[in-house]
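[1] Need a 3D model of the sequence below.
(one chain, ligands or ions: 1)
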Amino acid sequence: MNKDHLWHPFTQMKDYNNSDPLIIERGEGIMLYDVQGRAYYDGFSSVWLNVHGHNVPELNQAITEQLGRVAHSTLLGMANVPAIELAEKLVGITPEGLNKVFYSDSGATGVEIAIKMAFQYWHNKGIQGKTKFITMNQAYHGDTVGAVSVGAIPLYHDVFRPMLFPSHVIPYPYSYRHDGGETKAMEDTLTALRNLLETRADEIAALIVEPIVQGASGIIVMPPGCLSQMANLCRKYGVLLIADEVATGFGRTGAMFACDLEDVSPDLMVIGKGLTGGYLPVAATLATDEVYEAFYADYQEQKTFFHGHSYTGNPLGCAVALASLKLFEERNMVEGVRAKASFVEHKLAALKDRPHVGEIRQKGLMIGIELVRDKISRETYDWADRIGVRTSLRARELGMLTRPLGNVIVFIPPLVSSEAELDAMTDILEASILHVT
Ligand code: PLP
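    Okay, the predicted model is just below:
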């Protein structure tokens, strides 16, 4: 039945139909169990979103209690209690100045909202022509049409170009593959941004960026200071900054938000994934008062933000998000991530000298291991080698789930993972890499 009727996302169904399908039946802690009862470590947090593990009593309870009240009611012109409480909480934990919360249901829709808000912000202020966006090379912001328009991964995005709005693309500082290393990579990024802003700021609405770690391109970490300098340039030239914290938010990088690592306060910030602890699809776009006030007017001025989704501000999702944030506080999750991250860093250090390990990149519990055919020349594996896929399949045989990004092996464990679990998972990771390379 799975093969007959299900069309899986980001999946070549011809490959899938020829494979041994994995069908998950239940989860407990950081383990997932398939219908045959086989156990797997959730080594990529079910696509980068699980925080406290699976089947968590406190989170289950929050949903059941809310279910006994109301499962859903709209936010269009009305409110519900968990949505209000969560908004207040989010304003308290996000960077300074973000005081308004607009809900949606996935990272992509959160990005879509940020883009439309930035666009309409300038329109509402009566400033003509600021209609374009700047993005970064290899950026990924989700799969809806607006999010793809500011996406820059050719494999995913090029086919859709004719239906998208064009964006300016500046280089992302990919130090490992830059001849000048970290310093020069960052200089190139900042120079490109400065040049663009000096000549074209009057036609640019916003810069959108994955702060500190570019995720889907291969877990690529920015050189220190890069994000804050980009933010300063945006401020200087009157261009909004949209921080897409969908992947990096909620402790993943060792700070509650990656922007906190460099004291950056964006004009708009998108959160999703870990917001509900990895339980239900809720995302949000946070805005400053300055942005909000550009929309706040008498109705006939036509400044309303005409955007919303049927399930915007879903009470079940907001209730579980509140319960997740309570666990963050009670369990000192963010501090815990920093300690666990150094344990993993130490553990993976042994892999660095292996002949096909090009670079190990890590920020908090967000880790990417780039495999190369030749360590000296950094020659990549041909994508037909499917080195990433084969490594992940081996990891699965050894009892851990992960999903590669091309030749980059991803290790993004649930934040709750214990040292013993991290130890076991990194052993599997190492064994899988050595088996395949
Ligand atoms: N933005 C970033 C930085 C992401 O990494 C992702 C997903 O991986 C998204 C947006 C899209 O989120 P979603 O899959 O919830 O639409």
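[2] Can you show me the CA trace of the strand ranked longest in the chain as PDB?
    Across the chain, the longest stretch assigned as strand under DSSP state E is strand 366-374. Below are the C-alpha coordinates for strand 366-374, written out as PDB (Å, rounded to 0.1, in the frame of the first residue of the first chain):
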ATOM      1  CA  MET A 366      24.500  20.500  14.100                       C
ATOM      2  CA  ILE A 367      27.200  18.500  12.400                       C
ATOM      3  CA  GLY A 368      28.200  17.900   8.800                       C
ATOM      4  CA  ILE A 369      31.000  15.700   7.600                       C
ATOM      5  CA  GLU A 370      32.100  16.400   4.000                       C
ATOM      6  CA  LEU A 371      33.500  13.300   2.300                       C
ATOM      7  CA  VAL A 372      36.000  13.700  -0.500                       C
ATOM      8  CA  ARG A 373      37.600  11.400  -3.000                       C
ATOM      9  CA  ASP A 374      41.000  13.100  -2.400                       C
END
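[3] The ligand contacts on this structure?
    106-108, 111, 140-142, 210, 215-216, 244, 246-247, 272 (CB under 6 Å from any ligand atom). Just so you know, the C-beta spots here come from the backbone N, C-alpha and C atoms, and that holds for glycine as well.
[4] Quick check: Leu49 touching Gly278?
    Yes: here Leu49 reaches Gly278: they are 4.1 Å apart, a contact under CB atoms under 8 Å.
[5] okay, these two: which has more neighbours?
    Higher neighbour count among Leu49 and Gly278: Gly278, with 26 against 23, using other CB atoms under 10 Å.
[6] Pretty sure that one sits in a strand.
    No: using DSSP: H, G, I helix; E, B strand; the rest coil, the assignment for Gly278 is coil, not a strand.
[7] Let me see the contact set for it.
    45-46, 49-52, 414 (CB atoms under 8 Å, 6 or more residues apart in numbering).
[8] For Ser104, see how far away it is.
    17 Å (CB to CB, to the nearest Å).
[9] for Glu182, same thing?
    35 Å.
[10] and if you look at Asn50?
    20 Å.
[11] Likewise for Asp374?
    44 Å.
[12] These two: which is more packed in?
    It is Ser104, of Asp374 and Ser104, that has more neighbours when counted by other CB under 10 Å, with 25 against 12.
[13] And for the closest residue to the ligand within the stretch 101-250 of the chain, the neighbour number?
    Closest to the ligand within the stretch 101-250 of the chain is Gly107: 2.2 Å, counting by CB to the nearest ligand atom. Close neighbours of Gly107, defined as other CB under 10 Å, add up to 28.
[14] Now for it: which residues touch it?
    141-142, 244, 246-247, 270, 272-273, 283.
[15] Just the ones of these in strands?
    Among those, the members falling in strands (DSSP E) are 244, 270, 283.
[16] Correct me if wrong: the last one contacts Ile271.
    Looking back up the chat, that one is Ala283. Yes: between Ala283 and Ile271 there is a contact at 6.4 Å, judged by CB under 8 Å.
[17] Overlap of the contact sets of the two?
    Shared contacts of Ala283 and Ile271 (CB under 8 Å, 6+ apart): 110, 246.
[18] pLDDT score assigned to the residue nearest to the spatial centre of the chain?
    Nearest to the geometric centre of the chain sits Ala247, at 1.8 Å (CA atoms, centre = their mean). Per-residue confidence (pLDDT) for Ala247: 98.
[19] measure the closest residue to it other than its chain neighbours to Gly368 for me?
    Using CB to CB, 6 or more residues apart in numbering and skipping residues adjacent in sequence, the residue nearest Ala247 is Gly215, 4.1 Å away. As judged by CB to CB, Gly215 and Gly368 stand 9 Å apart.
[20] and the lengthiest helix in the chain, what does it pack onto?
    Counting residues, the longest helix found in the chain (DSSP state H) is helix 181-200. For helix 181-200, the packing partners by 3 or more CB pairs under 8 Å, 6 or more residues apart in numbering; DSSP states H and E come out as strand 132-136, strand 168-170, strand 204-209, helix 226-237.
[21] How about Ser310: what's its closest non-neighbour residue?
    Thr74 (7.5 Å).
[22] and what of Phe165?
    Ser149 (4.7 Å).
[23] Tell me the pLDDT of the residue of the chain most remote from its centre.
    The C-alpha centroid of the chain is most remote from Gln300, which lies 37.7 Å away (CA atoms, centre = their mean). Listed pLDDT for Gln300 reads 98.
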